[in-house]
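**Q** Predicted model follows, preceded by the sequence.
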Amino acid sequence: MEVAVMDRTESYTAVLQRMIRAETVSVPGEADGEKFAAFRALLWELFPHIRASCELTELEGAALLRWPGRDAGKQPVLFMNHHDVVPADPAGWAHGPFSGDVADGKLWGRGTLDDKGGLFAMLQAADELAAAGFVPDRDIWFETACTEETTGHGADLASKHFLSRDIHFEMVFDEGGDVVTDPIGGVKGTFAMVGVGEKSVVNLRFIARSDGGHASTPGRDTPLVRLGKFMAYVEKHGVFETEVSPAIVEMLRRFSPYMGRLGKVTEKADKLKKPLETVLPMLGPTAGALVSTTIAFTMAGGGEAINAIPREVWIKGDMRCSHHQGKHGSIAAITKAAKKFGLEVEVLESGFESRLADYNGSAFRLVEQAVRATLPEVDECVPYIMTGGSDSRFMDRVSYQCIRFLPFTITKEQMESIHGVNECVDLATLAPAVDYYKYMMQNV
């Protein structure tokens, strides 16, 4: 059995290497660039059996595969993983970002974790099943887009395509959380972090204006000073509502056996919501982001000269909105704070809001069963709310159960490498990930 796993790992590595070495950095306006078309052609070469078993639909920025099932009366299910990646400056990488090098038991390169690794595991599982003559119980659809890292245009079109054909899914499975150890402060163990929803994203610009003037005679509260005071105010004060949602209550309840004395508190999270709204942010930014909207100030610009008071300067903020306050309530809250400092607020982009899937629902339970069957090192499957975004938010139009999880076991360093440097995946996690997807497809 061990030899068989080693053989699979070697062959899986070779396939994923070819996917990583195909550079598919997404840039707005390149939804159907030649490189993406070439990459999708590579997919059909690498996974010929599932391609032959499916009907293909090509959209601008996305490809859809329908694998016909035995029972046309059952609602179909959808599996998703995107194939575009973010840019990667080679500086600082131990191995080139598109090298696909293998070293130290890992495969290195942009997309190994986000999200070509997930795409590989999904299609490899389907290809092996199709090669063995397996026919799913119901229709299984696959979606892969090349715009996830930019606009989400491909998945947006795909969801509208499904709507136009009156196709609704009982379950949708996309990338999301991974298998991690000690995920937040005070929690000891290995957990499958299963996303049941994601925060919506709103991009904002805050503008400070003045009549200008010479820098030799500055007045008080010049534009840059006001912006600085505003950012300091937002960081120090709670401008957004805090709330421990039912999904986070359940997350804490499942963590409680692995939290020592603190677990006596978190197991009663449903009765201690108010204290937890104060305590969770103290455990670190990841825990704090679970209970409120957050904003990160990421860009700044303006000014005319080093010796002149600027007439206009601005900062931009990336705001991730909680489900309880929503994007409209979050925009109102940050606008109220900005007005204290005489700032104008411009909404640059208002994201698509997702609902929360039921952690007691059939989709989440299926993930739990698949994890128990294929990832025995996991202590518990835990629902959480993603602070990042995924293409599955658009599929809320066509399903009430969108689950976000990748069956890769990763370290804290690997998690930080996503969108950073030295992104890599452990070779040992490839075969279990394929087995996870096979279990899912055989049991939906």
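**A** Yep, that arrived.
**Q** Could you pull out the helices in this structure for me?
**A** Remark: helices assigned in the chain by DSSP state H are 2-21, 34-46, 48-53, 116-131, 153-164, 223-236, 246-255, 263-266, 273-279, 285-288, 326-339, 362-374, 412-417, 430-443.
**Q** Out of these, flag the one nearest F98.
**A** Closest approach to F98 among the helices of the chain (Cβ to Cβ): helix 2-21, 5.8 Å. (C-beta placed from N, C-alpha, C; glycine too.)
**Q** Show me what that closest one is packed against.
**A** Contacts defined by 3 or more Cβ pairs under 8 Å, 6 or more residues apart in numbering; DSSP states H and E place helix 2-21 against helix 34-46, strand 106-108, helix 116-131, helix 430-443.
**Q** Between these, which one is closest to E175.
**A** Shortest distance between E175 and the helices and strands packed on helix 2-21, using Cβ to Cβ, is found for helix 116-131: 5.0 Å.
**Q** Now do the same for the closest one: mean pLDDT, whole number.
**A** For helix 116-131, mean pLDDT is 98.
**Q** Measure how it sits relative to helix 34-46, angle-wise.
**A** Computed with axes from the mean of the first three to the mean of the last three Cα atoms, to 10 degrees, the direction of helix 116-131 lies at 40 degrees from that of helix 34-46.
**Q** Could the C-alpha coordinates of helix 116-131 be exported in CSV?
**A** The C-alpha trace of helix 116-131 is given here as CSV (Å, rounded to 0.1, in the frame of the first residue of the first chain):
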residue,chain,number,x,y,z
LYS,A,116,-4.2,24.9,-9.3
GLY,A,117,-3.5,22.4,-6.6
GLY,A,118,-7.2,22.2,-5.8
LEU,A,119,-8.0,22.1,-9.5
PHE,A,120,-5.6,19.2,-10.0
ALA,A,121,-7.0,17.2,-7.1
MET,A,122,-10.6,17.7,-8.3
LEU,A,123,-10.0,16.8,-11.9
GLN,A,124,-7.6,13.9,-11.1
ALA,A,125,-10.2,12.4,-8.9
ALA,A,126,-12.8,12.7,-11.6
ASP,A,127,-10.5,11.4,-14.3
GLU,A,128,-9.6,8.3,-12.3
LEU,A,129,-13.3,7.6,-11.6
ALA,A,130,-14.2,8.1,-15.2
ALA,A,131,-11.4,5.8,-16.4
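**Q** A305 and G213, how far apart?
**A** Counting by Cβ to Cβ, to the nearest Å, the gap from A305 to G213 is 11 Å.
**Q** More neighbours: which of those two?
**A** Between A305 and G213, G213 has the larger neighbour count (other Cβ atoms under 10 Å), namely 14 against 10.
**Q** Quick check: the more buried one touching I309?
**A** Yes: between G213 and I309 there is a contact under Cβ atoms under 8 Å: 4.4 Å.
**Q** what's the overlap in contacts for those two?
**A** Taking Cβ atoms under 8 Å, 6 or more residues apart in numbering as the criterion, G213 and I309 both touch G219.
**Q** hmm, back to that, adding distance to F206 and mean neighbour count, write the helices and strands packed on helix 2-21 out as TSV.
**A** Shown next, in TSV, are those (distance: least, Cβ to Cβ, whole Å; neighbours: other Cβ atoms under 10 Å):
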stretch	distance to F206	mean neighbour count
helix 34-46	35	16
strand 106-108	39	23
helix 116-131	36	24
helix 430-443	42	22
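**Q** Please render the ones you listed as CSV that adds distance to R365 to the earlier fields.
**A** As requested, the helices and strands packed on helix 2-21 are exported to CSV (distance: least, Cβ to Cβ, whole Å):
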stretch, distance to R365
helix 34-46, 30
strand 106-108, 32
helix 116-131, 20
helix 430-443, 10
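**Q** hang on, the earlier thing: so which of the helices of the chain is nearest A192?
**A** When the helices of the chain are compared (using Cβ to Cβ), the closest one is helix 362-374, at 4.8 Å.
**Q** what sits against V187?
**A** For V187, the contact set (Cβ under 8 Å, 6+ apart) comprises F255, Y258, M259.
**Q** confidence score at it?
**A** Reported pLDDT at V187 in the predicted model: 92.
**Q** Look up how far E235 lies from it.
**A** For V187 relative to E235 (Cβ to Cβ), the value is 26 Å.
**Q** separation between the residue nearest to E423 when sequence neighbours are not counted and Q442?
**A** Leaving aside its sequence neighbours, E423 sits nearest to S417 (Cβ to Cβ, 6 or more residues apart in numbering; 4.3 Å). Using Cβ to Cβ, S417 is found at 32 Å from Q442.
**Q** do I385 as well
**A** With Cβ to Cβ as the criterion, I385 and Q442 are 29 Å apart.
**Q** same thing with A158?
**A** 24 Å.
**Q** What of V202?
**A** Distance, V202 to Q442, using Cβ to Cβ: 40 Å.
**Q** which residues does the residue lying closest to S216 once chain neighbours are set aside contact?
**A** Spatial nearest neighbour of S216, excluding adjacent residues (Cβ to Cβ, 6+ apart): N307 at 7.4 Å. Residues near N307 by Cβ under 8 Å, 6+ apart: H214, A215, S216.
**Q** If you rank those by neighbours, which is first?
**A** Highest neighbour count within these: A215, with 13 neighbours (other Cβ under 10 Å).
**Q** Tell me the confidence at it?
**A** What the model reports for A215 is a pLDDT of 92.
**Q** ok, now which ones touch it?
**A** Per Cβ under 8 Å, 6+ apart, neighbours of A215: I306, N307, A308, I309.
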